[in-house]
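Asks: give me a model of this one.
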Amino acid sequence: MSGREAMLADFSAWCETPGLAIRLVTAPGGKRQTRLVRELCKRQLGAGWTAGVCGVAWITEN
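Replies: From the prediction side, this is the model:
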């Protein structure tokens, strides 16, 4: 299992835990976190979930 597939498996398992929760995914730009989360949403939509990406914010240091 690739690193990406392992992360998707971890997120999928997290989605199956009871209750309501939010998970923040953050990393330096270019690490493909948006692509990872969109793939997770696509898979969860296929499983009958309501899923989506809330937003993407860029924060820079001055």
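Asks: list the contacts of the residue nearest to Thr26 when sequence neighbours are not counted.
Replies: What sits nearest to Thr26 in space, not counting adjacent residues and going by Cβ to Cβ, 6 or more residues apart in numbering, is Gln33, at 6.9 Å. From N, CA and C alone the C-beta is placed, and that goes for glycine too. Contacts for Gln33 (Cβ atoms under 8 Å, 6 or more residues apart in numbering) come out as 25-27.
Asks: so which of those sit within strands?
Replies: Taking DSSP state E, every one of those sits outside strands.
Asks: of all those, which comes closest to Ala47?
Replies: Nearest to Ala47 out of these is Val25 (Cβ to Cβ; 19.2 Å).
Asks: phi, psi for the residue nearest to the closest one when sequence neighbours are not counted please.
Replies: Among residues not flanking Val25 along the chain, Gln33 sits closest, at 4.9 Å (Cβ to Cβ, 6+ apart). In terms of degrees, to the nearest 10, the main-chain angles of Gln33 are phi -70, psi -40.
Asks: low-confidence ranges in this protein?
Replies: Within the chain, the ranges that satisfy pLDDT under 70 run 55-62.
Asks: wait, isn't Gly44 in contact with Ala51?
Replies: Slight slip there: residue 44 is Gln, not Gly. Yes - if you go by Cβ atoms under 8 Å, Gln44 and Ala51 touch, sitting 4.1 Å apart.
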